[in-house]
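Asker: 3D model of this:
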Amino acid sequence: MDLDPILISRIQFAFVVSFHAIFPVFTIGLAAYVAVLEALHYRTNNPLWLKLSKFWIKVFAVVFGMGVVSGIVMAFQFGTNWSNFAYSASNFLGPILSYEVVTAFFLEATFLGVLLFGRDKVPKGVHLFSACMVAIGTFISSFWILSANSWMHTPAGVEMVDGMIHMTSWTQAIFNSSFPYRFAHMALASFITGGIVVAGVSSWYLLHGRNLETSKKALKMCVIMLAVATPLQLFIGHEHGLNTFENQPMKVAAMEGAWETKTAAPLILFAIPDAANETNHFEIKIPYLASIVLTHSPSGEVPGLLEVPADERPPVGIVFWSFRIMVGLGLIFIAVSLLAAWQLYKGRLFESKLTLRAFTWLIPAPFVAVLTGWFVTEVGRQPWMIQNMMRLDEAITPSITGWMALVTLIGYIAVYAVVMFAGVFYLKKVIQGGPEPVDEAEESDSARPKRPWSAVPSSTFDESPSAAGS
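Answerer: Numbering: from 1, shown residues only. Next up, the predicted model:
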């Protein structure tokens, strides 16, 4: 049986990127939160901020490590599966990825050691500085990665000569037209992801009557941040969509499920796209709204997928449904965040079991939103590797076969399953252990954990199943 090497290689890269993406989007937001906690402790010397910082640093360290392990594979895949693309785009991608290592990864690696192990060995100001450097390093890393990714969607500052990308303007290439929107969108997604996870864990503690003082402080901080960040994300997402409509109209057509070019185009809320017959079934739509949203005019023209040949259209079903899941979850985040902010203002948040349960239920939701947003972005670019410059069939490694890609994909799935199981198991134990009590005496340097398992209170491993769930 012959397997399509392009399809299997796409699935392989999609799996690796999807597995990896959930970790940086969390650690970027969590690193900023830890830096804020360290700053509050430095300014007030309140042990509450110290206990919160110590606890979330443990979580950050585990997730950061999982992100590093899972991310290394992606760089190799450029050479193994997409060598024509790696060779052709090397004049741009080579320096960009090198800048990411030199300016971000070295910074994170250097100061992460101080953040994890230097609290009793360096002055408080230096420890705060290390927390800030780790947080800044995560943003620098995302800057370069998103610049490279955005360039693949909206290439600029380059020209193609005999199959090779040659630079004409580094400024235009790095700060390509979609980069500011994509970077802002991902930065806010990181804050929202970190905020919802911290709020969800804090709500879980409150529901179970544990760590009340620290949990109330953490939840209050997150609710205030989320009440600002979630509506702002809706605005940034809209602006990003307008930029995509200008540069990648077929991606937007797939997002909207629009087959025919129309003026006064309706916004399709629900449909079952049928790519084979180039139509939708069971449409539920709002008249004129797509034109109003995309062109700011009720009579504006919205291009349809039939404008281009079938082999130049993205897979409509994946893009269409992923977009709706992402937007739907975003609207839920806004509603819960604003409700929680209102209850906080009225002094009823910590007693509202429904809102607390909502935050605990939402813990996995931002990761789903990030992944579906990533599917919209990347699947919507197909069949282009570099928009309007290089197709997937031109980018694939000539010698790779479908079976080679499938075997390595199975290997990645097996290894990553072990990594995920171990990471989630350990994180569960850390969260069950919770922050140290605020009135507990500070541990001496001799009591500092030397092994990863010793960072988790032993009592969490001795709990009965009923006690762990109570």
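Asker: For the closest residue to L207 other than its chain neighbours, report the pLDDT, please.
Answerer: Among residues not flanking L207 along the chain, L356 sits closest, at 5.2 Å (CB to CB, 6 or more residues apart in numbering). For every residue, glycine as well, the C-beta is placed using N, CA and C. pLDDT, the model's per-residue confidence, is 95 for L356.
Asker: Quick check: buried residues in the helix or strand hosting L356?
Answerer: Per DSSP states H and E, L356 falls inside helix 353-361. With burial defined by 16 or more other CB atoms under 10 Å, the residues of helix 353-361 counted as buried are 355-356, 358-360.
Asker: Need those residues in CSV (columns: distance to C132).
Answerer: Shown next, in CSV, are the buried residues of helix 353-361 (distance: CB to CB, whole Å):
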residue, distance to C132
T355, 32
L356, 31
A358, 32
F359, 27
T360, 30
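Asker: Give me the nearest residue to Q382, chain neighbours excluded.
Answerer: Excluding the flanking residues, the one nearest Q382 by CB to CB, 6+ apart is P314, at 4.6 Å.
Asker: Then that neighbour would be within a helix, right?
Answerer: No - counting by DSSP: H, G, I helix; E, B strand; the rest coil, P314 falls outside a helix, being coil.
Asker: Helices of the stretch 101-250 of the chain, residue ranges please.
Answerer: Here the stretch 101-250 of the chain has its helices, by DSSP state H, counting those that start in this stretch, at 106-117, 124-153, 170-174, 179-207, 212-247, 249-256.
Asker: mean confidence score for the helix or strand following the last one?
Answerer: Later in the chain than helix 249-256, the nearest helix or strand by DSSP H and E is strand 262-263. Here the mean pLDDT over strand 262-263 is 92, rounded to a whole number.
Asker: Pull up the pairing partners for strand 262-263, direction included.
Answerer: strand 301-302 (antiparallel) (DSSP bridges).
Asker: Which helix in this structure has the most residues?
Answerer: The helix that spans the most residues within the chain, counting by DSSP state H, is helix 5-44.
Asker: Averaged pLDDT, it. What do you get?
Answerer: Summarised as a single mean, pLDDT over helix 5-44 is 92.
Asker: Output the contacting helices and strands for that helix.
Answerer: Contacts defined by 3 or more CB pairs under 8 Å, 6 or more residues apart in numbering; DSSP states H and E place helix 5-44 against helix 47-80, helix 124-153, helix 179-207, helix 365-379, helix 392-395, helix 402-433.
Asker: Turn those into TSV, columns for distance to M160, mean neighbour count and mean pLDDT.
Answerer: What follows is the helices and strands packed on helix 5-44, written out as TSV (distance: least, CB to CB, whole Å; neighbours: other CB atoms under 10 Å; pLDDT from 0 to 100):
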stretch	distance to M160	mean neighbour count	mean pLDDT
helix 47-80	18	19	88
helix 124-153	13	20	94
helix 179-207	20	23	96
helix 365-379	21	22	95
helix 392-395	11	16	93
helix 402-433	26	15	90
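Asker: Between these, which one is closest to I6.
Answerer: helix 392-395 (5.4 Å; CB to CB).
Asker: so what's P315 up against?
Answerer: Residues in contact with P315, defined by CB atoms under 8 Å, 6 or more residues apart in numbering, are 254, 275, 379, 382.
Asker: give me the number of residues near the last one?
Answerer: Around Q382 sit 19 other residues, with neighbours defined as other CB atoms under 10 Å.
Asker: Could you say which helix or strand holds it?
Answerer: Q382 belongs to no helix or strand, assigned by DSSP H and E.
Asker: tell me the pLDDT at it?
Answerer: 89.
Asker: re earlier: mind putting the helices and strands packed on helix 5-44 in JSON lines, distance to H296 included?
Answerer: Formatted as JSON lines, those follow (distance: least, CB to CB, whole Å):
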{"stretch": "helix 47-80", "distance to H296": "38"}
{"stretch": "helix 124-153", "distance to H296": "23"}
{"stretch": "helix 179-207", "distance to H296": "17"}
{"stretch": "helix 365-379", "distance to H296": "22"}
{"stretch": "helix 392-395", "distance to H296": "34"}
{"stretch": "helix 402-433", "distance to H296": "44"}
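Asker: Of all those, which one is nearest T261?
Answerer: helix 365-379 (20.9 Å).
Asker: Could you point out the helix or strand that follows that closest one?
Answerer: Next helix or strand after helix 365-379 toward the C-terminus (DSSP H and E): strand 384-386.
Asker: So which other helices or strands are in contact with that next one?
Answerer: Applying 3+ CB pairs under 8 Å, 6+ apart, one finds that strand 384-386 contacts helix 124-153, strand 390-391, helix 392-395.
Asker: distance between the longest one and the chain's centre?
Answerer: In terms of CA atoms, centre = their mean, to the nearest Å, the centre of helix 124-153 is set 14 Å apart from its chain centre.
Asker: Which secondary structure elements does that helix sit against?
Answerer: Packed against helix 124-153, as judged by 3+ CB pairs under 8 Å, 6+ apart, are the following elements: helix 5-44, helix 90-100, helix 106-117, helix 170-174, helix 179-207, strand 384-386.
Asker: and what of the shortest one?
Answerer: Using 3+ CB pairs under 8 Å, 6+ apart as the contact criterion, the neighbours of strand 390-391 among helices and strands are strand 384-386.
Asker: ok, 10 Å please
Answerer: Packing contacts for strand 390-391, counted by 3 or more CB pairs under 10 Å, 6 or more residues apart in numbering; DSSP states H and E, involve helix 83-88, strand 384-386.
Asker: can you pull the contacts of the nearest residue to A184 once chain neighbours are set aside?
Answerer: Among residues not flanking A184 along the chain, I236 sits closest, at 5.0 Å (CB to CB, 6+ apart). Counting by CB atoms under 10 Å, 6 or more residues apart in numbering, I236 touches 180-189, 229.
Asker: go again using 6 Å as the cut-off
Answerer: Counting by CB atoms under 6 Å, 6 or more residues apart in numbering, I236 touches 184-185, 188.
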